[in-house]
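Colleague: Need coordinates for the following:
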Amino acid sequence: MARKTHISSMVCTYKLYLLNRHLFVDLPEGRALIDTGAPFSSTTTGRLTWQNQNHGVNKGGHMGFTFDKLSAEIGVQVDALVGMDLLAQTTLLFDVAHRTLTAGDEMPAGFKAQPYELAPMSDIPLFHVTLNGHPARVLWDTGAQYGYVTDQKFIAGKKAEPGFKDFSPMFGDMDIPQSYTLPFVLAGHELLETVGEAPSTLGGGVSPVPMSPFLRALDIDAIIGPSWMPRVKVWLNPLDQTFAVAV
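Modeller: Sure, this is the predicted structure:
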């Protein structure tokens, strides 16, 4: 039974921009990473203004991560992180091509909503996609630079490209030897994501388990980041757990 959708009357439009493969908005507290893969928001000060309301949030250092480390890894100053605790309170329309994130509005005409799942114990979205020809449950993480797959079948037949280095508070530093450009179909739209194989060794993050077995234990096949988002508009309604994609 779907929860009753309540759209707040407060519609806020933010300037949304991709910088070094990450999605940001500017808030009164500074440059904020929009992170659908983070359960909780945090800032350097412990306060965050979102949808014209001031919220108490984690003060940097949550889960052993610091904004100094995050800023160094991304290559730009990051002052805040907006996670799903705040993002899930309202509807969201991501329009990366036109550099806007609209919070609190009705779904635009021409979008066809469908349900999505949640990662266990969180409000983090899980989408059903076809990834390189295989059905897959993927975690949508706008805070991720790259995608990750947990099974070699998803990269079978694809040409290996140069690898990459990555960092996540959860899994620490990751040195991925090879990457692959994978086609995936999300809500009828054909898109591309750059992925690596999820590491099976510990990288020094807070998780006691490496990324690959961690995701497999949750029945998650892959992670997708935000790099495909400039090609489409993405609608997310956490209030009734539906999403839609349109050109």
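Colleague: Who are the contact partners of residue 214?
Modeller: 171, 207 (CB atoms under 8 Å, 6 or more residues apart in numbering). The way it works is simple: take the backbone N, C-alpha and C, and place the C-beta from them, glycine included.
Colleague: just how off-centre is the helix or strand hosting it within its chain?
Modeller: Using DSSP states H and E, the element containing residue 214 is helix 211-217. The chain centroid and the centroid of helix 211-217 are separated by 17 Å under CA atoms, centre = their mean, to the nearest Å.
Colleague: repeat for stretch 50-61
Modeller: Put simply, stretch 50-61 sits 19 Å off its chain's centre (CA atoms, centre = their mean).
Colleague: Could you list the buried residues of it?
Modeller: 50, 55, 57, 58, 60 (16 or more other CB atoms under 10 Å).
Colleague: Run through who's touching that stretch.
Modeller: 8, 10, 12, 27, 40-49, 66-67, 82, 85-86, 89-90, 103-104.
Colleague: do that again at 7 Å, thanks
Modeller: Contacts to stretch 50-61, defined as CB atoms under 7 Å, 6 or more residues apart in numbering, come from residues 10, 12, 40-48, 66-67, 82, 86, 90, 103-104.
Colleague: now do stretch 172-186
Modeller: 127, 129-132, 146, 154-155, 158, 160-167, 190-196, 199, 203-205, 245.
Colleague: So for that stretch, what gets flagged as buried?
Modeller: 172, 174, 176, 179, 180, 182, 184, 186.
Colleague: mind checking how far the lengthiest strand in the chain is from the chain centre?
Modeller: Counting residues, the longest strand found in the chain (DSSP state E) is strand 172-186. On the basis of CA atoms, centre = their mean, strand 172-186 sits 14 Å off its chain's mean C-alpha point.
Colleague: If we ignore the residues flanking it in sequence, what's nearest the residue lying farthest from the centre of the chain?
Modeller: In the chain, the residue that sits farthest from the middle, by CA atoms, centre = their mean, is residue 157; the gap is 26.8 Å. Once flanking residues are discounted, residue 157 sits nearest to residue 132: 7.9 Å by CB to CB, 6 or more residues apart in numbering.
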